[in-house]
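1. Just the structure for this:
(one chain, ligands or ions: 1)
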Amino acid sequence: MSILVVGSIALDTVRTPFGEAREVLGGSATYFSAAASFFTEVNLVGVVGEDFPEEHMAFLESRSIDTRGLRRMPGKTFRWAGEYGFDLNEAHTLDTQVNVFADFKAEVPEEYRSSEFLFLANIDPDLQRDVLGQVREPLLVAADTMNFWIQRKPDSLRRTLEGVHLLIINDAETRQLAGDPNLVKAAKRILDWGPRALIIKRGEYGALMFNNGRWFAAPAYPLEAIFDPTGAGDTFAGGFLGYLANTRNLSDENVRKAIIMGSVMASFNVEDFSLDRLKTLTYPEIETRYREFKRLAHFEDL
Ligand code: AMP
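-> Numbers count the residues shown, from 1 in each chain. As a prediction, the model looks like this:
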């Protein structure tokens, strides 16, 4: 089963305590698509400018990502610059230039409109809703957002959330969106606005899912070498939804497995800058790390 994704395709400039990468491939939809492509077909909707390097298009195609919905328009590609201190959990945005996304009106190709799995990756909530409105009867709509849109477009974001089944955001965004410092209360408030479930990404502390009044906690893999956390959230979402679309099973048990698969993909992505680690990653490595996760979190009943 394929996934339709809309979100940013970007050129990022990133500084971490371990190095710097300038004008490298990034973007929420890019990380998501690359991670999900290990499990299922991905149809990408978005826009790049005239300056978007051909080698990046070639990379997307090498991962069999369908780019018929990816437009190239006059102007510059979306750009984001950010830095991280020793606490790699928090990105500090230095600059965001939406560029060609400012006037982008998505036209979802006819063959994608019956997609069952839809991911509204982090981008303008107006654009997220525009794409959502063009898909006929999606089985699962998941979405992400960030402080940039929570601050600038709160009303539009609330309207988008009305059509979303599952929201995947980090802990700071959960608190900011709900206006409550307590994660449990914040989660409950957000679920009153439309989503049936919430996944809270907590960086090196793993992820929490809240649905049907219950919590599930997944650990993060203890890594010795983390170079660049950029894209961890999007690769988590890509592994998670990719696995669900591949198995087409939304039972509680399978959703838990999908959360671990998301954590596996994020753990690989942070091992190098940009999407470099995903470029060399193989499926057997994914399976091995999944089993390591199982051992990491396993404990017996009393
Ligand atoms: P993540 O680290 O998973 O939260 O996402 C990082 C990616 O999000 C980077 O590659 C950026 O290009 C992209 N990004 C940053 N700010 C925005 C924004 N305001 N809207 C859409 N994408 C963004």
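
2. can you count the residues close to residue 76?
-> 16 (other CB atoms under 10 Å). No exception for glycine: its C-beta is placed from N, CA and C like everyone else's.

3. ok and the residue in the stretch 1-150 of the chain nearest the ligand?
-> residue 26 (2.9 Å; CB to the nearest ligand atom).

4. hey, where'd the helices end up in the stretch 1-150 of the chain?
-> With DSSP state H, counting those that start in this stretch as the criterion, the stretch 1-150 of the chain has helices at 28-36, 54-62, 125-132, 147-152.

5. deepest of those, which one?
-> For these, ranked by mean neighbour count under the definition mean count of other CB atoms under 10 Å, the leader is helix 28-36 at a mean of 31.

6. For the stretch 1-150 of the chain, which segments are assigned as strands?
-> 3-6, 10-16, 19-26, 42-48, 65-72, 78-83, 92-97, 117-120, 140-143 (DSSP state E, counting those that start in this stretch).

7. Need those in JSON lines (columns: mean pLDDT and mean neighbour count).
-> Converted to JSON lines, those look like this (pLDDT from 0 to 100; neighbours: other CB atoms under 10 Å):
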{"stretch": "strand 3-6", "mean pLDDT": "98", "mean neighbour count": "29"}
{"stretch": "strand 10-16", "mean pLDDT": "97", "mean neighbour count": "22"}
{"stretch": "strand 19-26", "mean pLDDT": "97", "mean neighbour count": "17"}
{"stretch": "strand 42-48", "mean pLDDT": "98", "mean neighbour count": "26"}
{"stretch": "strand 65-72", "mean pLDDT": "97", "mean neighbour count": "18"}
{"stretch": "strand 78-83", "mean pLDDT": "98", "mean neighbour count": "20"}
{"stretch": "strand 92-97", "mean pLDDT": "97", "mean neighbour count": "12"}
{"stretch": "strand 117-120", "mean pLDDT": "98", "mean neighbour count": "28"}
{"stretch": "strand 140-143", "mean pLDDT": "98", "mean neighbour count": "25"}
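
8. okay if I get those strands as CSV plus distance to residue 257?
-> Shown next, in CSV, are the strands of the stretch 1-150 of the chain (distance: least, CB to CB, whole Å):
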stretch, distance to residue 257
strand 3-6, 17
strand 10-16, 30
strand 19-26, 28
strand 42-48, 20
strand 65-72, 23
strand 78-83, 31
strand 92-97, 33
strand 117-120, 16
strand 140-143, 15
